[in-house]
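Peer 1: fold the following.
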Amino acid sequence: MRSKSVDRRSFLKITGASLATLAAAPLLASCASPGTDATTLRIGAMYPVSGTNALLGEESWRGAQIAAELRNRAGGVAGKAVELVFADVPDVNTATSEARRLVFNKNIKMAIGTYGSSLCLAASEVFARTGNAFIELGAVSEAITNRGYEHVFRFNPTAHTMAVLHMQFIDQFLAGALGKEMKDLKVLMVHEDSSYGQSIVELARREAAKIGLKHFEAEPYSAKSTDLSSTVLRMKNQNPDVVLAVSYAADAVLLGRQIRDNKLKLGAFIGTGGGHSLANFQKALGSAADGVFDVDFTQIHVNPDFAPGIDAFLQEYRSRFGQDPASGHSIANFTGTNLLLDILEQTGGSDDPSAFGAAARSMKVPEGSTASGWGLDLDEHNQNSLGTMNVMQWNGTKLETVFPPAAAVREPQLITPFGL
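Peer 2: The predicted structure follows:
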């Protein structure tokens, strides 16, 4: 059952707004920005470009900017210029307050974002409860589209997609390459212990059972730790054939270094997005990163036939920022923003949430049609069922796509990770 929107006064009451805020509401409304008008389509853009999530937040925001700029060069959407009204959302409290600002001060009826699942849950709650639309382009928590909100959408793939791909890759490549039967293969998932890591472990555990993987264990750790040697020691005692890792940026590097320094020899190591996709991961570890696999959004080294438009995106990115993307988050948000603008073209440039929802649910885009390789087909929860992820492998400074074959630039290679 869809959640109903509430009026403005009720929303402010249930979210704890003070009487002073309520008293100021008429004044705020009187000086509010116009929102979308006859010439300009104004869309909120909520990303963390400061704080602990700044690196991937900035990368995500860059992708959205490029999509909007290229669309404006081509004439806009239904003759309207596209303007992304930006909000920096470094934490959950700011995500809530900035969402209110966009809705009540800027008259924004729809917004995109956010990279972070907790940020999306907070910001989209504001938009949903005020009858407006939120379109997530990067956060992976299953909870985002499982709350029953009519106007909350997600175009990117989810944590479940990651877990499924982990197990497909183990089943279709790694077990055979390691010379192991599935019933004998030992897999350990090392994960940071926040809700992000814990949710992926549970999803992976269920998918492991489906492929007959009997030896699947989990080892949590704190992402804030400055020493993971005890975690590595416990890994060594378990003697896994394959290690799956769920890490942010700093702990991904720390874990890799301490696996190397403790001479823990593994059959294979597979990251799960996050820190293992970043160029900084390879820079920090150098040749020790060679052979490390990673499951994540589409990266730049991918079959261009699978991801049409990626070459044009890269050309624009390099021209604008003077470097290659730091991760695939820019490509994901470029793709998602383009899909959003295509839908708004169908509404005639209207950002009315109901009109947008109807157009979004009716639009069908086949896989392999976008710069990320995603298609678009929304399920009953407004989750895109055709958002895809790939398996990449570090080779020098390149994170090359190796699975599935349609997206790959080469076959995967079994290389002992971390220089051992």
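
Peer 1: going forward, measure contacts and count neighbours with C-alpha atoms only.
Peer 2: Noted.

Peer 1: residue boundaries of the helices in the stretch 201-350 of the chain?
Peer 2: For the stretch 201-350 of the chain, the helices defined by DSSP state H, counting those that start in this stretch cover 229-238, 249-261, 279-285, 310-321, 329-346.

Peer 1: and the angle from the second one to helix 229-238?
Peer 2: In this structure, helix 249-261 runs at an angle of 50 degrees to helix 229-238, with axes from the mean of the first three to the mean of the last three CA atoms, to 10 degrees as the basis.

Peer 1: then the last one?
Peer 2: Taking the same axes, to 10 degrees, one finds helix 329-346 and helix 229-238 inclined to each other by 90 degrees.

Peer 1: where in the stretch 201-350 of the chain is pLDDT low?
Peer 2: Along the stretch 201-350 of the chain, no part satisfies pLDDT under 70.

Peer 1: quick one: low-confidence parts of the stretch 1-150 of the chain?
Peer 2: For the stretch 1-150 of the chain (pLDDT under 70), the answer is 1-32.

Peer 1: report the longest helix in the protein, please.
Peer 2: helix 54-73 (DSSP state H).

Peer 1: buried stuff in that one?
Peer 2: For helix 54-73, burial by neighbour count (16 or more other CA atoms under 10 Å) applies to 54-69, 71-72.

Peer 1: against which helices or strands is it packed?
Peer 2: Packing partners of helix 54-73 (3 or more CA pairs under 8 Å, 6 or more residues apart in numbering; DSSP states H and E): strand 40-47, strand 81-88, helix 310-321, helix 329-346.

Peer 1: hmm, back to that, how about the helices of the stretch 201-350 of the chain, which one is nearest F418?
Peer 2: helix 249-261 (5.4 Å; CA to CA).

Peer 1: what's the closest one packed up against?
Peer 2: helix 229-238, helix 279-285.

Peer 1: redo those helices as a markdown table? Include mean neighbour count.
Peer 2: Supplementary listing: the helices and strands packed on helix 249-261 in a markdown table, determined by neighbours: other CA atoms under 10 Å:
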| stretch | mean neighbour count |
| --- | --- |
| helix 229-238 | 15 |
| helix 279-285 | 18 |
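
Peer 1: of those helices, which is nearest F153?
Peer 2: helix 279-285 (29.6 Å).

Peer 1: centre of the chain to that closest one, how far?
Peer 2: 20 Å (CA atoms, centre = their mean, to the nearest Å).

Peer 1: which SS class is I135?
Peer 2: strand (DSSP: H, G, I helix; E, B strand; the rest coil).

Peer 1: so what's the residue count around it?
Peer 2: 26 (other CA atoms under 10 Å).

Peer 1: I'd say it and T114 touch.
Peer 2: No - with contact defined as CA atoms under 8 Å, I135 and T114 do not form a contacting pair (9.0 Å).

Peer 1: from E192, how far off is L56?
Peer 2: Using CA to CA, to the nearest Å, we find L56 at a distance of 18 Å from E192.

Peer 1: going along the chain, name the strands of the chain.
Peer 2: 40-47, 81-88, 110-113, 133-136, 152-154, 186-192, 215-221, 242-246, 268-272, 293-296, 390-395, 398-403 (DSSP state E).

Peer 1: and T40, what does it touch?
Peer 2: For T40, the contact set (CA atoms under 8 Å, 6 or more residues apart in numbering) comprises 80-83.

Peer 1: tell me how far it lies from I170.
Peer 2: Taken as CA to CA, the span from T40 to I170 is 49 Å.

Peer 1: picking up where we left off before, turn the strands of the chain into a markdown table, columns for distance to Q413.
Peer 2: A markdown table is the format used below for the strands of the chain (distance: least, CA to CA, whole Å):
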| stretch | distance to Q413 |
| --- | --- |
| strand 40-47 | 36 |
| strand 81-88 | 40 |
| strand 110-113 | 35 |
| strand 133-136 | 34 |
| strand 152-154 | 33 |
| strand 186-192 | 18 |
| strand 215-221 | 23 |
| strand 242-246 | 14 |
| strand 268-272 | 10 |
| strand 293-296 | 10 |
| strand 390-395 | 8 |
| strand 398-403 | 9 |
